[in-house]
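> How does the following fold in three dimensions:
(chains A and B)
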Amino acid sequence: MTITPLRRPRAAPATPPRTRRHRAAPPWWFAAPALVLFAFVVLIPSARGVYYAFTDWDGLSPGFSFVGLGNFGDVFDDPDARAAIGHTVLIAVAVTVVQNGVGLLLALGVNSIIRSRNVLRVLFFAPAVVTPIVTAYLWRNLLGPEGAVNALLGPFGLDRNWLGDPDLALWSIVAVIVWQFAGYSMVIFVAGLQSIPREVTEAAAIDGAGPVRRFWYVTRPLLAPAITINLMLSIIGGIKLFDQVWALTGGGPGHATDTLSTLIYKDAFTLGEFGYSIALAVVLTIIVAVASAGQYAVLSRKEAGIS
Amino acid sequence: MNRYRKRTFALELAMIAAAVVIAFPVYVLVNLAVRAPSDTSSPLRPTTEPTLANFTDAWRDGALGGALGNSLLVTGVSVLLVLAVSALAAYPLARVRRTWSRGTFALIMLGLVLPFQLATLPLYQTMRDLGLLGQAWALILFYSGLQVPFTTFLYVGFIRGLPQDFEDAALIDGCGYWQAFRHVVFPMLKPITVTALVLNAVFVWNDFFTPLLYLSGSGQQTMPVAVAGFVGQYVSEWNLIFAALLISIVPILLVYFALQRSIINGFAGGLKG
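Numbering: from 1, shown residues only, chains lettered A, B, ... in the order given. Below you'll find the predicted structure:
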């Protein structure tokens, strides 16, 4: 593609640019195709979802009736649903903390002057592009009773039933997610680190600040935009998690690792409780909205306080 | 502080150790995929007599060829469609500072937060009523709409960072907005287009839940669904399963290694925009 109609793109404007009023204002209908697709796939079905959450529809019958807040009452009376909400929040928080912690350490490492930094950067990010369902199956074997992790840890007496033990299974899922997406956080942190001028950290070093103080008082505040994006992405990703839980444990053992996503799927497609399952989805939406709004408020205040 | 010292060397060793830990599962994956089913020794031990038979068996029994074709079709068409509509939409949304523009942008950005579980079931009904279940078109339509918010977000951020002089000049020279978009704006978007292309392709290629829902029982599976079906069928034959897993990740890894530089740079660009 070439820039055909322009012969003299840098030609001086007839009037100084400040007073000129020829600013481009492309027409609204350019946005129409995207808006139609978005409305068809996301907006309208989501609105209908909220509507069905107040009904007892089973997803098939022609008739259904309104049950008001009944489904939501059921959600909080249902121990499985309460447990799933707990697991969802726990996974989201744990993944956010650990994934970003590891991602930041990796980023500081590959942003230093070590010789292998370019190769390592490519390698650390690679798991993030691989199909999650595939890595989940791989880890199901690795974490199995006869798997490679136990073969490695067995000699030290640390072999466990990682996915079969209700107390461990949730943490095993967190570990798999961190393994897959720490590189994703790393790349965003590296991008943030590279936007920090070298002179700033050098000046702090000359003033006698050690690496820890340099990081805390100089790098961390300047890294705020990357931190915000990373936290938002991982907390939303953690709350919506489905594929990995489905492939690793299917929500089991028992209901020990059921999240809102897996429960929604089970209720809708194996139990036919469509209205109830959508009520769960609405609860999920509220959790996502509150988490992201709260996080955004806290982080943007911090960002503003710094600059 | 920019010299390579002992401490840098220690850091280098620590980072390489981290790389070994992260790559460990890949070693086991390859190691077991080339192992004969009769070999039941520890998964850590390097396979003594490697064989490629697992790959041919998995390819044939898992109908992976057909799934590969479907995945390529769905990913290719969805990504082209979403890039086209999002870039076009981002142009007025980034340039026009009027109420309708801000409102539309905010509405589309709402899509970044809404969990897809909310829309999944009603959309499933709609697709069923339109007779689209079991067809690749259902998925193409779904991904194109679903990825509009993220892609538009990337484009809007990028366009706002671009100088307006070139489009203004083109418009003064008598171009319409459509021509200005096609010949001036869109070519300048190339860096972010590459980033958006890769991130969308990775997302669409990897998605499991939607094709599981829309294509189940149609024989028109995508790669992740075919792999999941394969795992279910060959429950404990991990050598075969691992071969299938490896086959299924090769295409996406090839794309990644070919384009990794632009992906990583794209993140940096997105952060500044």
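
> Give me the below-cutoff pLDDT ranges for the chain.
No chain in the question, so chain A it is. Within chain A, the stretches with pLDDT under 70 are A:1-24, A:302-307.

> Switch to chain B, please.
B:1-2, B:267-273.

> For chain A, what's the nearest residue on it?
In chain B, the residue that lies nearest chain A is B:Gly145 (2.7 Å; CB to the nearest CB). Every residue, glycine included, has its C-beta placed from N, CA and C.

> what residues are up against that residue?
A:Leu37, A:Phe38, A:Ala39, A:Phe40, A:Val41, A:Val42 (CB atoms under 8 Å, 6 or more residues apart in numbering or on different chains).

> buried ones in the helix or strand hosting the first one?
Assigning secondary structure by DSSP states H and E places A:Leu37 in helix A:32-38. Within helix A:32-38, the residues that count as buried by 16 or more other CB atoms under 10 Å in any protein chain shown are A:Pro33, A:Ala34, A:Leu35, A:Leu37, A:Phe38.

> what's it in contact with?
B:81-82, B:84-86, B:88-89, B:104, B:107-108, B:111, B:141, B:144-145, B:148-149, B:152.

> before we move on, the earlier item: just put the contacts of B:Gly145 in JSON lines and tack on distance to A:Gly251.
As requested, the contacts of B:Gly145 are exported to JSON lines (distance: CB to CB, whole Å):
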{"residue": "A:Leu37", "distance to A:Gly251": "32"}
{"residue": "A:Phe38", "distance to A:Gly251": "31"}
{"residue": "A:Ala39", "distance to A:Gly251": "33"}
{"residue": "A:Phe40", "distance to A:Gly251": "31"}
{"residue": "A:Val41", "distance to A:Gly251": "27"}
{"residue": "A:Val42", "distance to A:Gly251": "26"}
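
> what's A:Thr55 sitting at in phi/psi?
phi -120, psi 170 (degrees, to the nearest 10).

> again, but for A:Gly157
phi 70, psi 20.

> Tell me how many other residues crowd it.
6 (other CB atoms under 10 Å in any protein chain shown).

> Geometric centre of chain B: which residue is closest?
The centre of chain B sits closest to B:Val202, judged by CA atoms, centre = their mean, with a distance of 1.2 Å.

> Show the contacting residues for A:Thr257.
A:His87, A:Ala169, A:Leu170, A:Ile173, A:Val245, A:Leu248, A:Thr249, A:Gly251.

> Can you pick out the most distant pair from those?
Longest distance between any two of these is 12.9 Å, between A:His87 and A:Leu248; criterion CB to CB.

> Send me stretch B:66-86 as PDB with only the CA atoms.
What follows is stretch B:66-86, C-alpha atoms only, in PDB (Å, rounded to 0.1, in the frame of the first residue of the first chain):
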ATOM      1  CA  GLY B  66      -9.600 -31.300   8.900                       C
ATOM      2  CA  ALA B  67      -9.400 -29.500  12.200                       C
ATOM      3  CA  LEU B  68      -6.300 -27.600  11.000                       C
ATOM      4  CA  GLY B  69      -8.100 -26.500   7.900                       C
ATOM      5  CA  ASN B  70     -11.100 -25.300   9.900                       C
ATOM      6  CA  SER B  71      -9.000 -23.400  12.400                       C
ATOM      7  CA  LEU B  72      -7.100 -21.700   9.500                       C
ATOM      8  CA  LEU B  73     -10.300 -20.700   7.800                       C
ATOM      9  CA  VAL B  74     -12.000 -19.400  11.000                       C
ATOM     10  CA  THR B  75      -8.900 -17.600  12.300                       C
ATOM     11  CA  GLY B  76      -8.000 -16.100   8.900                       C
ATOM     12  CA  VAL B  77     -11.400 -14.700   8.000                       C
ATOM     13  CA  SER B  78     -12.300 -13.500  11.600                       C
ATOM     14  CA  VAL B  79      -9.000 -11.700  12.000                       C
ATOM     15  CA  LEU B  80      -9.200  -9.900   8.600                       C
ATOM     16  CA  LEU B  81     -12.800  -8.900   9.300                       C
ATOM     17  CA  VAL B  82     -12.200  -7.600  12.800                       C
ATOM     18  CA  LEU B  83      -9.100  -5.700  11.700                       C
ATOM     19  CA  ALA B  84     -11.000  -4.000   8.800                       C
ATOM     20  CA  VAL B  85     -14.000  -2.900  10.800                       C
ATOM     21  CA  SER B  86     -12.100  -1.900  13.900                       C
END
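
> report the longest helix in chain B, please.
Longest helix in chain B, counting residues (DSSP state H): helix B:238-272.

> what's the offset of that one from the middle of its chain?
Centroid displacement of helix B:238-272 relative to its chain, using CA atoms, centre = their mean, to the nearest Å, is 9 Å.

> quick one: buried residues of it?
Buried residues in helix B:238-272 (16+ other CB under 10 Å): B:238-249, B:251-252, B:255-256, B:259-260, B:262-271.

> same question, stretch B:130-143
B:Leu132, B:Leu133, B:Gly134, B:Gln135, B:Ala136, B:Ala138, B:Leu139, B:Ile140, B:Leu141, B:Phe142, B:Tyr143.

> and the second one, what does it touch?
The neighbours of B:Leu133, taking CB under 8 Å, 6+ apart as the test, are B:Tyr124, B:Met127, B:Tyr214, B:Leu215, B:Ser218.

> Ok, B:Val156 next?
Here B:Val156 is in contact with B:Ala90, B:Leu93, B:Ala94, B:Phe105 (CB under 8 Å, 6+ apart).

> what about the first one, distance to A:Val42?
Remark: distance between B:Ala90 and A:Val42 (CB to CB, to the nearest Å) = 17 Å.

> Comparing those two, which residue is more hemmed in?
A count of neighbours by other CB under 10 Å puts B:Ala90 above the other of B:Ala90 and A:Val42, at 29 against 25.

> tell me which element that one falls in.
Assigned by DSSP H and E, B:Ala90 falls in helix B:64-95.

> buried set for whichever helix or strand comes after that helix?
As assigned by DSSP H and E, the chain's next helix or strand after helix B:64-95 is helix B:99-113. For helix B:99-113, a neighbour-count test (16+ other CB under 10 Å) marks B:Ser101, B:Thr104, B:Phe105, B:Ile108, B:Gly111 as buried.

> Please tell me how far the last one sits from A:Val41.
B:Gly111 is 9 Å from A:Val41, where distance means CB to CB.

> Now for the two: what residues contact both?
Common neighbours of B:Gly111 and A:Val41 (CB under 8 Å, 6+ apart) are B:Leu146, B:Val148.
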